[in-house]
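Colleague: Attaching a predicted model along with its sequence, questions to come.
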Amino acid sequence: MGEKLLDLQGVSMAFGGLTVIDGLDLHVDEGEIVSVIGPNGAGKTTLFNLVTGVYEPSAGDIVFAGESIKGLEPHRITRKGIARTFQTLRLFLNMSVRENVMAAAYGHTRAGVFRSMFRTPGQRREEKEIRELAERCLAFFGERLMGYRWDQPAYSLSYANRRRLEIARATATKPRLLLLDEPAAGMNPKETQEITELIGKLRSEGGFTILVIEHDMHVVEGISDRVVALDHGVKIAEGSFEDVATAPQVVEAYLGTGGMARK
Ligand SMILES: Nc1ncnc2c1ncn2[C@@H]1O[C@H](COP(=O)(O)OP(=O)(O)OP(=O)(O)O)[C@@H](O)[C@H]1O
């Protein structure tokens, strides 16, 4: 494990009078997998929105690879090497599986969608490269997203495969840091086990550093080097899965919210 890749320093976020993130210090080291847990409304999604530039913090700083990214537009932050998936999927359902990944990669290249409409030899070469990049990203998912599926429309995929496609799209921007928002949501136990293994592989073979929001404690236990628990925008525990899952303040935060999800 290496240096801090992402470093939130005293970050706060308020909407009107409501403070949703309060003086949060959180870091992710290069090569690390960190999970963020917390009951509904704890501020987890807001944390992702802050890191990806959807919101600018009311206070504090966000440093990525040694450089402040606070206040940068989301597309600039993507270019710096941060990509995310969403809790509610953002796929182009009428486009093919391959095109979905290519579209994510295009947004990241110099060409952009507009220039790529003019089919000069240079553009054709670039399109070929992007197509190959998309196929490499999809091949990462092995038999779950096999080649015969690449020409099928995204709407033909199962829910679990749509989530895999969403991850493939995120990797197509060649990020250093992947933010995964509830990757196991809606999956059955077998798929949940697979996604746990996949997240490990994204780090070991893909070389990504990963920050993940996850409600399923089996997944959190299976993937995390370190767990950070939030409640009402405040970090209430941090450490190994065992330490955080059994910390009295974490247990208390989950009481009355249906407890922690174990499938
Ligand atoms: N744009 C916004 N304007 C006002 N309030 C907001 C906004 N975004 C989030 N909030 C509030 O911030 C709090 C934290 O929301 P957030 O979505 O970050 O929680 P979460 O931990 O991701 O919850 P969940 O597990 O339900 O997704 C909630 O009280 C929410 O209503």
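Modeller: Everything's here; your move. Numbering: from 1, shown residues only.
Colleague: Spatially, what comes nearest to the residue in the stretch 51-200 of the chain positioned nearest to the ligand if we skip its sequence neighbours?
Modeller: Nearest residue of the stretch 51-200 of the chain to the ligand (Cβ to the nearest ligand atom) works out as Q87 at 6.3 Å. Quick note: C-beta positions are derived from backbone N, CA and C, even for glycine. Distances taken as Cβ to Cβ, 6 or more residues apart in numbering put D181 closest to Q87, at 4.5 Å, once the chain neighbours are dropped.
Colleague: Please apply the same query to G81.
Modeller: That would be R176: by Cβ to Cβ, 6+ apart, it lies 4.0 Å from G81.
Colleague: so L6, which of the three states?
Modeller: strand (DSSP: H, G, I helix; E, B strand; the rest coil).
Colleague: Quick check: buried residues in the longest helix along the chain?
Modeller: As assigned by DSSP state H, the longest helix anywhere in the chain is helix 121-139. Buried residues in helix 121-139, defined by neighbour count with 16 or more other Cβ atoms under 10 Å: E126, E127, I130, R131, L133, A134, E135, C137, L138.
Colleague: Could you verify my assumption that the residue of the stretch 51-200 of the chain closest to the ligand touches A185?
Modeller: Yes: counting by Cβ atoms under 8 Å, Q87 touches A185, with 6.5 Å between them.
Colleague: quick one, phi/psi of the nearest residue to L5 once chain neighbours are set aside?
Modeller: Among residues not flanking L5 along the chain, E30 sits closest, at 4.5 Å (Cβ to Cβ, 6+ apart). The phi and psi torsions at E30 (degrees, to the nearest 10) take the values phi -50, psi 130.
Colleague: count of neighbours near the residue nearest to L133 when sequence neighbours are not counted?
Modeller: Excluding the flanking residues, the one nearest L133 by Cβ to Cβ, 6+ apart is A105, at 5.4 Å. Look at A105: counted by other Cβ atoms under 10 Å, it has 21 neighbours.
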